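Q: The amino acid sequence is not available; the structure is as follows:
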Ligand code: GDP
């Protein structure tokens, strides 16, 4: 997949506003400041892309970026904002929980955690939700450049061990937007997830397979 084809598609504030033509989509989640915008920018090679999601008014929405017809990257609102009023937090929680619970085209979630602050309470809650709904998880330990190689590797091994105790089906990797570290590994996982489309797609989508 050529991720630099990504273009902003739409924002949604309710399940009824989600695209109806999605065949496969991958959601990006994480605490605010985990490095989600930077990762999306590096992945797509489009500097302004994640700025779209940071545009005031869009930060609390589910933002869709289209790759090819029917395939999307989905930027979920960053969680963990201390300042957000309780009512809005409750709305987000409901929206995200119902999105994860009901969204058929969702192939997996990329969960970003700052390597210096991994597995905070909200991350654990997210991992529990995803595990409960049997949604595949790919974790990026972001800003890996902030640690030297050995300490970074130690965090990686420690977190991998802790996660294996919760869910054996979680993938985890080191990532740095600054150094473009881990980009190929991430793309390989996204390619795999996005290639998983339902069999009953219109005939023209399958033409090249026959
Ligand atoms: P978001 O809130 O999750 O979208 O996080 P941002 O992508 O806006 O990043 C938050 C802060 O972390 C910014 O100051 C970024 O420059 C910084 N940052 C993001 N990724 C990296 C990285 O790979 N390495 C370093 N050193 N800093 C990063």
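A: That came in fine, so what should we check first? A quick note: this is a predicted structure, and the numbers were derived from the prediction, not measured. Residues are numbered from 1 along each chain as shown.

Q: Residues of this protein that sit close to the ligand?
A: With CB under 6 Å from any ligand atom as the criterion, the chain comes near the ligand at residues 30, 32-38, 78, 142-143, 145-146, 176-178. No exception for glycine: its C-beta is placed from N, CA and C like everyone else's.

Q: ok, now which ones touch residue 98?
A: By CB atoms under 8 Å, 6 or more residues apart in numbering, the contact list for residue 98 reads residue 15.

Q: going forward can the numbers begin at 31, since that is how I track them
A: I'll keep to 31 as the first residue from here, and by that count the last item is residue 128.

Q: what's the distance between it and the ligand?
A: Counting by CB to the nearest ligand atom, to the nearest Å, the gap from residue 128 to the ligand is 22 Å.

Q: If you count contacts, what does the longest strand along the chain end up packed against?
A: Ranked by residue count and defined by DSSP state E, the top strand of the chain is strand 136-144. Contacts defined by 3 or more CB pairs under 8 Å, 6 or more residues apart in numbering; DSSP states H and E place strand 136-144 against strand 54-60, helix 66-74, helix 116-132, helix 151-162, strand 167-172, helix 213-224.

Q: distance of the closest residue to residue 177 other than its chain neighbours from residue 77?
A: Counting by CB to CB, 6 or more residues apart in numbering, residue 177 lies nearest to residue 145, which is 6.0 Å off, once chain neighbours are set aside. Here the criterion is CB to CB, to the nearest Å. By it, residue 145 lies 23 Å from residue 77.

Q: Quick check: which element contains residue 195?
A: Assigned by DSSP states H and E, residue 195 belongs to helix 179-196.

Q: Who are the packing partners of that helix?
A: helix 151-162, strand 167-172, strand 200-204.

Q: If we use 6 Å, what do you get?
A: strand 200-204 (3 or more CB pairs under 6 Å, 6 or more residues apart in numbering; DSSP states H and E).

Q: on that earlier part again, can you list contacts of the longest strand of the chain?
A: 54-60, 64-66, 153, 160, 165-170, 172-173, 223, 226 (CB atoms under 6 Å, 6 or more residues apart in numbering).

Q: Out of those residues, which end up buried?
A: Buried members of those, scored by 16 or more other CB atoms under 10 Å, are 54-60, 64-66, 153, 160, 165-170, 172-173, 223.
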